[in-house]
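Colleague: just coords:
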């Protein structure tokens, strides 16, 4: 473990922008939820009505988890039911980034040539991820307590998020030892995260198989029962599980060589297919897995969101405050239009996440040294980059179309046009990512920060009625709120022009600058 603290400082330095950003942005969301719940359900009768409608709704339970009571704290914990999944995803990606990605890029070998122990890099990555999750959980707990929530329940809620992050930091550490590349490790980690969510959902929605939720770290966050008679011993279960995964990762790391993996690599063909003899075909080969995973996940979420629409309508029927909250999200005068419009905004932000990831694949290929051999052939930089941008732009359109189709199938109406209305703002994010890659490639990951800022403005800022000038920073704020809203051509044209200018500027800068830039 020699050199662990030095490598930990290096990890924190490299994540000095990204880590505080996700901690603060995610911490603001529960605080905003608390204010919204207190405004929408000011008395016990309104909260009881909410509880009666949703406690037994299978779709709501699958999405958010169990609702233990009708107090403000109970409603808040239930509203934050998906947050452990998000924190777990961030934690495992952080560990993979600072372990397998470093190894794949050759930087692990450079640091390993100094006075650094074999397991120091792994330990530093896990400590950094777990520390960030702990800071986030405490910030949520004390932030909610400062707003008047009971301290014990607020801390239980925040620490529930923390233990979910810790568990999947351990999952990421183990996955990083199994595969030859960072993409494979991310795939294994995300697969385990999806399985954990499904186990939690199956356990919470079944009266005879509730034990399944105890097999999931996501389920443990709910079993802490914040604001409903806290079960603190669940924290010990999560700590033991995380510790076991960390020990397993160390043991697996000791059994493999640097740059190797425990799972055998699949041998490729002796000669490339004819279908791989173009930049576009190569980009498809590299991007297809990402597109499939995003499509399946968002389609499933679309089915859930469409399925709960009827419950939303009934909730808002007798509660003007709830109807006003949905009205601020957009859409026309009908509550269902406002709910669906807000849902489409969420899917637009998710599709922007895919577009950012697909665009940043350019930077990943460059940093790993795989772009240089391709560009040494007759392939030009613009053609190589343009092939990946095709999937960022058209792939996001496909993603939105499938998500709108799935949501509409569950709801009983066509929502594909409403979903595609988010596309110009998604393209702006792809363009800004390309611009960062072209001009400041070392800070290309700041594209995720832009997405986080737009997410904060579109969700929390809208719900809390921030100033319109501030909300207008987000491109999603200028789109028509469909269904129910009035479609306007001018904002769409302007956003498309901005996206096109950003993409063109990024390609021009990429063509002129040195490659690769470390």
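Modeller: Alright, I've got the coordinates. Note that the coordinates shown come from a computational prediction; the quantities given were computed from them, not determined experimentally. Residues are numbered from 1 along each chain as shown.
Colleague: rest of the way, CA atoms for contacts and neighbours
Modeller: OK.
Colleague: what's near enough to touch residue 219?
Modeller: By C-alpha atoms under 8 Å, 6 or more residues apart in numbering, the contact set of residue 219 is 196, 197, 199, 200, 213.
Colleague: Most neighbours out of these, which is it?
Modeller: residue 200 (29 neighbours; other C-alpha atoms under 10 Å).
Colleague: For that residue, give me its contacts.
Modeller: 62, 65, 212, 213, 214, 215, 216, 218, 219.
Colleague: Which of these sits closest to residue 88?
Modeller: residue 218 (8.4 Å; C-alpha to C-alpha).
Colleague: still on that earlier bit, using a markdown table, please lay out the contacts of residue 219 together with secondary structure, distance to residue 494 and pLDDT.
Modeller: Listed next are those as a markdown table, based on DSSP: H, G, I helix; E, B strand; the rest coil; distance: C-alpha to C-alpha, whole Å; pLDDT from 0 to 100:
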| residue | secondary structure | distance to residue 494 | pLDDT |
| --- | --- | --- | --- |
| 196 | helix | 42 | 88 |
| 197 | helix | 40 | 85 |
| 199 | helix | 45 | 85 |
| 200 | helix | 44 | 86 |
| 213 | helix | 48 | 85 |
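Colleague: Can you list which of the contacts of residue 200 are found in helices?
Modeller: Per DSSP state H, helices hold the following members of the contacts of residue 200: 62, 218, 219.
Colleague: So which other helices or strands are in contact with the helix or strand containing residue 342?
Modeller: Element membership for residue 342 (DSSP states H and E) is helix 335-367. Using 3 or more C-alpha pairs under 8 Å, 6 or more residues apart in numbering; DSSP states H and E as the contact criterion, the elements in contact with helix 335-367 are helix 279-307, helix 309-317, helix 320-329, helix 381-411, helix 416-420, helix 423-439, helix 446-455.
Colleague: Tell me which of those helices is the most buried.
Modeller: Stretch with highest mean neighbour count among those: helix 423-439 (a mean of 27; mean count of other C-alpha atoms under 10 Å).
Colleague: sorry, back to before: what would the contacts of residue 219 look like in JSON lines with distance to residue 389?
Modeller: Output for these, formatted as JSON lines (distance: C-alpha to C-alpha, whole Å):
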{"residue": "196", "distance to residue 389": "33"}
{"residue": "197", "distance to residue 389": "32"}
{"residue": "199", "distance to residue 389": "36"}
{"residue": "200", "distance to residue 389": "37"}
{"residue": "213", "distance to residue 389": "40"}
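Colleague: Among the residues you listed, which one lies nearest to residue 269?
Modeller: Of all those, residue 196 has the smallest distance to residue 269: 35.2 Å, by C-alpha to C-alpha.
Colleague: wait, what's in contact with the closest one?
Modeller: Residues counted as contacts of residue 196 (C-alpha under 8 Å, 6+ apart) are 215, 216, 217, 218, 219.
Colleague: residues in contact with the residue lying closest to the first one once chain neighbours are set aside?
Modeller: Across the structure, with C-alpha to C-alpha, 6 or more residues apart in numbering as the measure, the residue nearest residue 215 apart from its sequence neighbours is residue 199 (6.9 Å). Contacts for residue 199 were tallied using C-alpha under 8 Å, 6+ apart; they are 212, 213, 215, 216, 219.
Colleague: Looking at these, spot the one nearest residue 2.
Modeller: residue 216 (33.7 Å).
Colleague: Residue 169 versus the closest residue to that closest one other than its chain neighbours, what's the distance?
Modeller: Counting by C-alpha to C-alpha, 6+ apart, residue 216 lies nearest to residue 196, which is 4.8 Å off, once chain neighbours are set aside. Distance from residue 196 to residue 169, counting by C-alpha to C-alpha, to the nearest Å: 14 Å.
Colleague: Also residue 246?
Modeller: 9 Å.
Colleague: which of the two has more neighbours?
Modeller: Counted by other C-alpha under 10 Å, residue 246 and residue 169 do not tie: residue 169 has more neighbours, with 33 against 22.
Colleague: hang on, the earlier thing: so what angle separates the directions of the helix holding residue 342 and helix 423-439?
Modeller: 20 degrees (axes from the mean of the first three to the mean of the last three C-alpha atoms, to 10 degrees).
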